[in-house]
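Asks: Have a look at this prediction, sequence included:
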Amino acid sequence: MGLREVLSKLKLVEVGEPVAASGAPSRAAAGSNAGRGDEPDIAELLRTLPPPKPIDESLLARSHRPPAAGAPASAAARLPAPGATAELDLPDFPAVYRAAGIGDPPHGFTAFKVLEMLQSPGLAELPPQAKASALAGFLKMNPGGPVAIGEVIQDAVRRDQALDRFEQFLHAKLAERQAAAERANSALQAEIDALTERHRTQMTANTRAVTELTARLSEWSAAKRTEERKLQAAVAPFVEGNPITTDSEPGSGRSS
């Protein structure tokens with residue numbers, strides 16, 4: 001039996017009819033309230049739900065495939081690891097569900113399948129309670145066997161828990177990467193500081209060496225001029241213009 005047949009059987013196609021003048025609810029209102037008595041006990045569903053499984057990283061590794069050339073960026077988002085080629089894989093949601101041990105139920109009515117049915121032309125225009133009644137009726141008359149709406153809700157909750165756990169898993173991995181990056185950066189900064197200190201020491205030594213050489217050259221130049229004066233005095237009695245220089249500076253030429 002299809003959705004349209006279920007809608008007709010439950011008379012939900014007449015949901016828009018006005019309330020009778022006597023104040024009695026219309027057939028549509030009666031149909032929209034038909035499922036309230038069967039409304040699942042959420043607290044009980046959550047209590048009986050098995051605890052979520054931890055993320056199986058080996059399944060994630062097998063599930064991930066590098067995006068094909070030219071694939072859109074949304075196909076795989078990646079966070080490079082500091083100082084390494086390894087990356088943090090952000091798989092698609094089906095891979096997350098598989099890593100959390102969540103598969104499709106034998107009857108095939110996952111939360112997403114039910115959502116697809118709720119958005120179908122036969123149900124999309126109905127009020128929420130009418131949708132719930134119609135779909136609950138359809139699931140009860142499922143050819144493969146009745147499906148409790150509670151199973152669908154549990155499927156949705158399990159997937160939500162898997163997504164929450166995977167987000168926590170990613171934050172933990174990111175924290176590990178951040179700590180590793182900070183350690184690597186600290187080591188690099190220590191190397192930079194040590195190298196800077198060595199270079200600064202070498203620069204200071206170079207400047208000191210040039211200063212010492214300049215002072216020694218000044219002393220030698222002063223002694224040179226004294227020596228030249230002696231030479232000048234030695235030849236002065238014999239020449240008109242003394243050929244001995246005494247006051248020349250480097251590059252200034254000869255002077256007497």
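Replies: Happy to help now that I have it.
Asks: how close does Tyr97 sit to Leu188?
Replies: According to CB to CB, to the nearest Å, Tyr97 and Leu188 sit 40 Å apart. For glycine as for every other residue, the C-beta is placed from the backbone atoms N, C-alpha and C.
Asks: between these two, who's got more neighbours?
Replies: Taking neighbours as other CB atoms under 10 Å, Tyr97 and Leu188 compare with Tyr97 leading, 21 against 11.
Asks: Now Ala99: closest residue in space that isn't a chain neighbour?
Replies: Distances taken as CB to CB, 6 or more residues apart in numbering place Leu59 nearest to Ala99, at 4.3 Å, with adjacent residues excluded.
Asks: quick one: average pLDDT of the longest helix anywhere in the chain?
Replies: Looking across the chain with DSSP state H, the single longest helix is helix 149-235. The average pLDDT for helix 149-235 rounds to 94.
Asks: centre of the chain versus that helix, how much separation?
Replies: Here the centre of helix 149-235 is set off from its chain's centre by 28 Å, with CA atoms, centre = their mean, to the nearest Å.
Asks: What is that helix packed up against?
Replies: Under the contact criterion of 3 or more CB pairs under 8 Å, 6 or more residues apart in numbering; DSSP states H and E, helix 149-235 touches helix 42-48, strand 87-90, helix 93-99, helix 111-118, helix 128-140.
Asks: The fourth one: which residues count as buried?
Replies: Residues Ala111, Val114, Met117, Leu118 are the ones in helix 111-118 that count as buried (16 or more other CB atoms under 10 Å).
Asks: next SSE after that helix?
Replies: Sequence order places helix 121-124 as the next helix or strand after helix 111-118, per DSSP states H and E.
Asks: elements contacting that next one?
Replies: Using 3+ CB pairs under 8 Å, 6+ apart: helix 121-124 touches helix 3-10, helix 128-140.
Asks: ranking these by mean pLDDT, which is last?
Replies: Across those, the lowest-scoring stretch is helix 3-10, with a mean of 48.
Asks: Count the neighbours of Pro106 for me.
Replies: Residues near Pro106, counting by other CB under 10 Å, number 9.
Asks: Then it would be within a strand, right?
Replies: No. Assessed with DSSP: H, G, I helix; E, B strand; the rest coil, Pro106 is coil; it does not lie in a strand.
Asks: From Gly144, how far off is it?
Replies: Pro106 is 8 Å from Gly144, where distance means CB to CB.
Asks: next one: Gly137
Replies: Gly137 is 15 Å from Gly144, where distance means CB to CB.
Asks: And Ala223, by the same measure?
Replies: 114 Å.
Asks: Same check on Ala184?
Replies: 56 Å.
Asks: The two: which is more packed in?
Replies: A direct count of neighbours by other CB under 10 Å for Ala184 and Gly144 places Ala184 higher, at 13 against 9.
Asks: Please work out which of the helices and strands packed on helix 149-235 is packed deepest.
Replies: Comparing these by mean neighbour count (mean count of other CB atoms under 10 Å), helix 128-140 ranks first with a mean of 21.
Asks: before we move on, the earlier item: with pLDDT added, can I get the buried residues of helix 111-118 in a markdown table?
Replies: Below are the buried residues of helix 111-118 laid out as a markdown table (pLDDT from 0 to 100):
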| residue | pLDDT |
| --- | --- |
| Ala111 | 91 |
| Val114 | 90 |
| Met117 | 88 |
| Leu118 | 89 |
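Asks: Please report the distance of Thr110 from Glu151.
Replies: The spacing between Thr110 and Glu151, counted by CB to CB, is 10 Å.
Asks: quick revisit: now, which of the buried residues of helix 111-118 sits nearest Glu212?
Replies: Ala111 (83.5 Å; CB to CB).
Asks: OK, contacts around that closest one?
Replies: Listed by CB atoms under 8 Å, 6 or more residues apart in numbering, the contact set of Ala111 reads Val152, Ile153, Asp155, Ala156, Arg159.
Asks: For the second one, which non-adjacent residue is spatially closest?
Replies: When you say that, I think you mean Ile153. Excluding the flanking residues, the one nearest Ile153 by CB to CB, 6+ apart is Leu45, at 5.7 Å.
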